[in-house]
Structure formats: structure tokens, C-alpha cells
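the sequence and its predicted three-dimensional model are supplied below.
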Amino acid sequence: MSKTAKKKSNVVRYNKWGYIFLIPFAVVYITFQLIPLVSTIWNSFFENFRSGLTQIGPNFIGLQNYISLFSSADIWKYLGNTLIMWVIGFVPQILVSLLLGAWFADTRLRLKCSSFFKTVIYLPNLIMASAFAMLFFTLFSDGGPINSILMSIGVISEPYKFMSHVASVRILVGLMNFLMWFGNTTILLMAGMLGIDPALFEAAEVDGATSTQVFTKITLPLLKPILLYVMITSLIGGLQMFDVPQILTNGEGFPNRTSMTLIMYLNKHLFSKNYGAGGALSVFLFVVTGILSFIVFKMSTDKKD
């Protein structure tokens, strides 16, 4: 056997182990993602729900579930609610994370106990969202500590009903999402900043660049891949927002369903065993997520890149 043939044989043998190691991932992906996705799309074309103790269907009805879904104004209202609460939480999250990441990544500052502060910043990410929601529900209730403090210092004369106003409920949901995720975002952005060649910053200092110019002309452009990842994953997580508003508003999305998200709406369909309408809503959410992620990707990618 020639050396070339022997070398080719060794490569094939090594590649075989690579495919073997991919088998567990492929099995998990097909079982828990691909099959449920295809099944959801398939079920969206059927009438399949329970009326009392009677099971209706499954009966094939084509696009009727989609027609019923889009003929109602609720779907667009809930999509708007979801995006508004995501923006309220994400904008301060990305700004604070960029600021903290720049501080921690700057070796010139020589921050003391930086490891401790990084741990503290990340800790809220480890707390369950349900526990966070219950905590905020208690703090901001009519007789809760926040109202007591505001009344004792004379800011308000009577308890402010946080859960009865559209703006306050949405802000609370956005604030909770911000507190839970800004630590994780900070760690990701800081890792990206630490991967930038320090020689670039030194050259900029020699040329007389200010800190703002260094951040906008060097740090941000080189941080674009991490920023893109953070924006898309945050967008996907925001569209799947469920646990915080579900617990905070007891699943009703009050006041007047202005804090009802798409996943909360989907949960109501599944709770009532309406699998056909739930499947159509799931497909709609899948398509919206793909479109918005593509828009974010195109907006964040320069043609020159």
C-alpha cells in the first residue's frame, strides 16, 4: 500500500469516530426538536380540541386555524406586548452590560475584588424566574414594602396600585428580565473584550485617541460578533417570555391583557386542549422569531464585513 493510500485510510478511520461522537447529538436533536417541530406544524392543520368531556377531532381543516388566528386582533396585541416588554428589559441590559464589561476588561483600572463583583453580578441569573416574580409581586403589592416606604417618606399619600397600571406592570416585567440577564450578558461581552488584542488599544493611546474614541472605533466594531449573538439570543428569549408575566399577573396579563405575551396566549390554548390552534400559534411564533432574527442579523452586519 502506498503512503498516500495509507494516509487516506487513516483519515477515514479517524473521521469515523467523529461521526460516532455526533450520534448522541443527532438522536437528541431529532427526538426532542425536529420531530416535535414537524408534529406541531402537522397538528396546526387539524381541528383538535376538547369541549367539556368530549374530544373533537382530529379533523383536517387546512388553513382554518391560521385564518381564525389572524382574523383576531388579539394575536397582534400580544405580539406588541411581548416586544414592548422585551425592549424595556433589553435596552438597559445591553447598555449596563457594555459599561460593566468595559470596566472589568480594562486592566488599567486595576479594580480590586473584581472576581467578587463579577460573581455578584452573575448571581441573579441563577435565581429561578418564578422566585423573582413572587418576590416582586410581594414587594410591589398594595400593602408591600415599596408602598410602605414611599408613604413613610411622603412621596405618595395612599398605596399606588402597581398591578393596576399598564406602564408599571410592563416596567416591572422589563426590570425583572433586566436583573436576571444583565449579569450573563456582561460576562459574554467582557469575554469578547478580553479577546481583543491589547496592542490595538496601546496604539490608539499613542495616537492620542480618547477613551470614547477607543470604545467606539475599536471595541465596538471588534465586539460586533458577540453583540450580534447577544441580540439574537435575547430576542428569541424575549419572544418566549412566559414565567415572569405569568406569575406576576396570575396568568391573566392584567390590566386588560396588556401584559399578556404570545407564550401566555399559547399556554391558554394548550391548557384548554386546543392543540390545533396552539400549533398554528406556535408556527406563527416560529416564523416571527426567524424574521426578526434575520432583520437583526442584517442590521448588525455591514456589507464590507
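Cool, got the structure. Residues are numbered from 1 along each chain as shown.

quick one: L37 from N43, how far?
For L37, the distance to N43 equals 11 Å [Cβ to Cβ, to the nearest Å]. For glycine as for every other residue, the C-beta is placed from the backbone atoms N, C-alpha and C.

of these two, which one has the most company?
N43 (20 against 13; other Cβ atoms under 10 Å).

contacts only, for the more buried one.
By Cβ atoms under 8 Å, 6 or more residues apart in numbering, the contact set of N43 is 58, 275-276, 278-279.

cool, F215 as well?
Residues in contact with F215 (Cβ under 8 Å, 6+ apart) are A102.

pLDDT score for it?
On pLDDT, F215 comes in at 86.

help me confirm that it is found in a helix?
Yes: F215: assigned to a helix according to DSSP: H, G, I helix; E, B strand; the rest coil.

mind checking how far it is from L179?
Taking Cβ to Cβ, one finds F215 at 25 Å from L179.

please enumerate the strands of this protein.
Using DSSP state E, the strands found in the chain span residues 46-51, 54-60.

deepest-packed of these, please.
Compared across the strands of the chain, strand 46-51 shows the largest average neighbour count, a mean of 16 (mean count of other Cβ atoms under 10 Å).

ok, it: who's next to it in the sheet?
strand 54-60 (antiparallel) (DSSP bridges).

what's the closest non-adjacent residue to R170?
Excluding its sequence neighbours, the residue lying closest to R170 (Cβ to Cβ, 6 or more residues apart in numbering) is M85, at 5.3 Å.

low-scoring stretches of this structure, by residue?
For the chain, residues meeting the criterion pLDDT under 70 lie at 1-13, 302-305.

ok, which of the strands of the chain comes nearest Q246?
Counting by Cβ to Cβ, Q246 lies closest to strand 46-51 out of the strands of the chain; the figure is 21.7 Å.

from N274, how far out is A102?
49 Å.

count the residues that sit near V169.
Counted with other Cβ under 10 Å, the neighbours of V169 add up to 22.

can you get me a residue count around L172?
24.

my guess is it contacts F162. True?
Yes: counting by Cβ atoms under 8 Å, F162 is a contact partner of L172 at 6.6 Å.

what do those two both touch?
Common neighbours of L172 and F162 (Cβ under 8 Å, 6+ apart) are F140.

got a list of what the nearest residue to W86 once chain neighbours are set aside touches?
Once flanking residues are discounted, W86 sits nearest to G238: 3.1 Å by Cβ to Cβ, 6+ apart. G238 sits next to 82-83, 85-86, 89-90, 177 when contact means Cβ under 8 Å, 6+ apart.

and the closest residue in space to L98 that isn't next to it in sequence, how many neighbours?
Spatial nearest neighbour of L98, chain neighbours left out: L189 (6.1 Å); criterion: Cβ to Cβ, 6+ apart. Residues contacting L189 under the criterion other Cβ under 10 Å number 24.

L227 versus L189, what's the distance?
L189 is 7 Å from L227, where distance means Cβ to Cβ.
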